[in-house]
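Novice: Please find the sequence and the predicted model below.
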Amino acid sequence: MTYTHTVTLPLPYPEAVERTKHALQDQGFGILTETDIRATFGAKLSSEAAEAIGNYVILGACNPQLASKALAAEPELGTLLPCNVIVRRGSNSDQSIVQAIDPRTMVQLSDSAEVRDVSKDADTRLRAALASLSKTTKE
């Protein structure tokens, strides 16, 4: 099993980030955190490290209804939340890669039927968000 879902978009990085946020929002996810890895590497490591990673953001996406169900079933699942979605530079400036965690990986750590149901729902929603990104770039 892979642990991410991936789409490559024929979009410049800034546009891919904005469209990804909107696609997640359309599926009921809010963005709790936004970590600019390039800026962090530049500040904490070096400009060379920042340049090597390039444009790269981690979006901490959370669907409150799903998170509530998961945490009610197993409070320690909070260590696996929020669902991370990354947007990063592709091989050229007109291409971006969007990757989302496969929430079904949580099921491997839990025997709870409730967690299994939540992970399936979150997976369906994340896949729909990524699929919508692919559709909007083809229109």
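Specialist: That came in fine, so what should we check first?

Novice: which residue is nearest the middle of this structure?
Specialist: V85 (1.2 Å; CA atoms, centre = their mean).

Novice: Now do the contacts for it.
Specialist: By CB atoms under 8 Å, 6 or more residues apart in numbering, the residues touching V85 are T20, L24, I58, L59, A61, V98, Q99, A100, I101, L126. Using the backbone N, CA and C atoms, a C-beta is placed for each residue, glycine as well.

Novice: And for D117?
Specialist: K69.

Novice: Work out for me the element it sits within.
Specialist: Using DSSP states H and E, D117 sits in helix 113-138.

Novice: is it true that Q65 touches G28?
Specialist: Yes - between Q65 and G28 there is a contact at 7.0 Å, judged by CB atoms under 8 Å.

Novice: what do these two both touch?
Specialist: In contact with both Q65 and G28: no residue, using CB under 8 Å, 6+ apart.

Novice: more crowded one of these two?
Specialist: Each of Q65 and G28 has its neighbours counted (other CB atoms under 10 Å); G28 has more, 16 against 11.

Novice: what about that one, is that helix, strand or coil?
Specialist: Under DSSP: H, G, I helix; E, B strand; the rest coil, the three-state class of G28 is coil.

Novice: Over to it: give its phi and psi.
Specialist: phi 90, psi 10 (degrees, to the nearest 10).

Novice: ditto for E74
Specialist: Dihedral angles (degrees, to the nearest 10) for E74: phi -150, psi 100.

Novice: got any ranges where the protein has weak pLDDT?
Specialist: Low-confidence segments of the chain (pLDDT under 70): 1, 136-139.
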